[in-house]
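S.K.: sequence plus the predicted model coming up.
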Amino acid sequence: MTQAEDRILVQEYLAHAAEPQPLSDEEKAELESRIKAELKARDAVLVAHYYTDPDIQRLAEETGGCVADSLEMARFGNRHPASTVVVAGVRFMGETAKILNPEKRVLMPTLEATCSLDIGCPADEFAAFCDQHPDRTVVVYANTSAAVKARADWVVTSSCAAAIVEHLDARGEKILWAPDQHLGNYIRKTTRADMLMWDGSCIVHEEFKFRGLEDLKALYPDAAVLVHPESPEAVVDLADVVGSTSQLINAVQTMPNERFIVATDNGIFYKMQQLAPGKTLIEAPTAGNGATCRSCAHCPWMAMNGLENLLQVLERGDQEVFIDDALREDALRPLRRMLDFTASMNLKVAGNA
Ligand code: 13P
Ligand code: SF4
């Protein structure tokens, strides 16, 4: 798929990315109490990503679910005993939950919530690319379809990608990386591994601009700059901290700075503000008018998760994730490798502490 074709496809998907209607406080309260009752009655747990609406994040917290990055979402759904997992996020997150928990029912407020990285990496084209490079270990980002994962040796998320690539590089393995070119370039730069890259990108992070960020840094020289590695290289180069959503939240809590400039989806501000209420958070500039994303610095697909469709899926059970058994088994292997690797990594960290 060429980049031009990729953009056209993303625009087609975006045409369906309808954001939920704004609700009054009374409507919200009514929906929230019905959702809480449904979660209980159906033995369901709500797992939400940091980019979803604050109302959804709050509900997940209040009902014993979790709000997390994509790695922790996978881990939580895997260890929680509830028979139904409701994933508020984007499609690949629901698929990951189903791959890891075939016996559980996995629901999403809408199955139409996708991701530009997933769209830009069709399984058939990706398989052909892999076939051309049989000597390379295939490492794919979690933001991919189950079919793409099934073709991989390893799955990674932004919080463990560098450690896994470093591990493979130390074993002398050459890597085929997909789909995010910016995250891939960042990992290649930090690990110096031999990586062949697919050229996908995130339409939200790609909009962060070097020049605007440089100007903002000059305006607030005391501020620490936090950047998600899906951003372009020039933007990443201006960062004090580069990391996954949970690593950026951790930086706001632990760094001594009073002010932070944040280059990632602005849904993350809810959790940052909650955990570090005294800190000032500033959105890194995006392209603004005329940008390819409809709502810059906010993922249009994450924004499709709302209270109304969350209640609806609990009542109707219609937006359920299904994955063919054979495909699921193939996709499970690289996912399990990631979870086992990160579990042993955490053990080592705990052992050194
Ligand atoms: P995290 O793994 O950092 O949560 O990122 C997921 C994502 O989609 C970022 O755009
Ligand atoms: Fe995908 Fe970007 Fe949205 Fe994350 S923010 S889900 S990478 S489109």
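M.R.: That came in fine, so what should we check first? Model, not experiment: these values are computed from the prediction. Ligands and ions are numbered 1, 2, ... in the order given.

S.K.: contacting residues around the residue in the stretch 101-250 of the chain positioned nearest to ligand 1?
M.R.: Using C-beta to the nearest ligand atom, the closest approach of the stretch 101-250 of the chain to ligand 1 is made by Ser244 at 3.3 Å. (Each C-beta comes from the backbone N, C-alpha and C, glycine too.) Listed by C-beta atoms under 8 Å, 6 or more residues apart in numbering, the contact partners of Ser244 are 69-71, 157-159, 228-229.

S.K.: which members of those occur in helices, if any?
M.R.: When helices are assigned by DSSP state H, the members of the contacts of Ser244 inside them are 70-71.

S.K.: among the contacts of Ser244, show me the least confident.
M.R.: Ranked by pLDDT, the contacts of Ser244 bottom out at Leu71 (83).

S.K.: how close does that residue get to Gly212?
M.R.: Going from Leu71 to Gly212 by C-beta to C-beta, to the nearest Å gives 30 Å.

S.K.: cool, and Asn143?
M.R.: For Asn143 relative to Gly212 (C-beta to C-beta), the value is 25 Å.

S.K.: who's more crowded, the two?
M.R.: Using other C-beta atoms under 10 Å, the more surrounded residue of Asn143 and Gly212 is Asn143, with 29 against 15.

S.K.: count the neighbours of Glu26 for me.
M.R.: Counted with other C-beta under 10 Å, Glu26 comes out at 8.

S.K.: and it, that's in a helix?
M.R.: Yes. Counting by DSSP: H, G, I helix; E, B strand; the rest coil, Glu26 is part of a helix.

S.K.: can you give me the pLDDT of it?
M.R.: 94.

S.K.: so where do the helices sit in the stretch 251-353 of the chain?
M.R.: For the stretch 251-353 of the chain, applying DSSP state H, counting those that start in this stretch gives helices covering 269-275, 307-316, 325-352.

S.K.: so for Asp199, which of the ones you listed sits nearest?
M.R.: Proximity to Asp199 (C-beta to C-beta) singles out helix 325-352 among these, at 21.0 Å.

S.K.: name the nearest residue to Lys189, ignoring sequence neighbours.
M.R.: Glu233 (8.0 Å; C-beta to C-beta, 6 or more residues apart in numbering).

S.K.: and of the helices of the stretch 251-353 of the chain, who's closest to Lys189?
M.R.: Going by C-beta to C-beta, the one of the helices of the stretch 251-353 of the chain nearest Lys189 is helix 325-352, 20.9 Å.

S.K.: the closest one: which residues count as buried?
M.R.: Neighbour-count burial for helix 325-352, counted by 16 or more other C-beta atoms under 10 Å, picks out 327-328, 330-332, 334-335, 337-339, 341-342.

S.K.: that helix vs ligand 1: in contact?
M.R.: No. Judged by C-beta under 6 Å from any ligand atom, helix 325-352 stays clear of ligand 1, getting no closer than 11.7 Å.

S.K.: at the geometric centre of this protein, which residue do we find?
M.R.: The centroid of the chain falls nearest to Ser70 when counting by C-alpha atoms, centre = their mean (4.9 Å).

S.K.: quickly find the element holding the residue nearest to Glu315 when sequence neighbours are not counted.
M.R.: With C-beta to C-beta, 6+ apart as the criterion, Glu315 has its nearest non-adjacent residue at 6.5 Å, and that residue is Glu38. If you go by DSSP states H and E, Glu38 is part of helix 25-41.

S.K.: what about the residue nearest to Asp215 when sequence neighbours are not counted, neighbour count?
M.R.: Leaving aside its sequence neighbours, Asp215 sits nearest to Pro285 (C-beta to C-beta, 6+ apart; 7.8 Å). The local packing of Pro285 (other C-beta under 10 Å) involves 21 other residues.

S.K.: wait, what's in contact with Pro285?
M.R.: 208-209, 212-213, 215-216.
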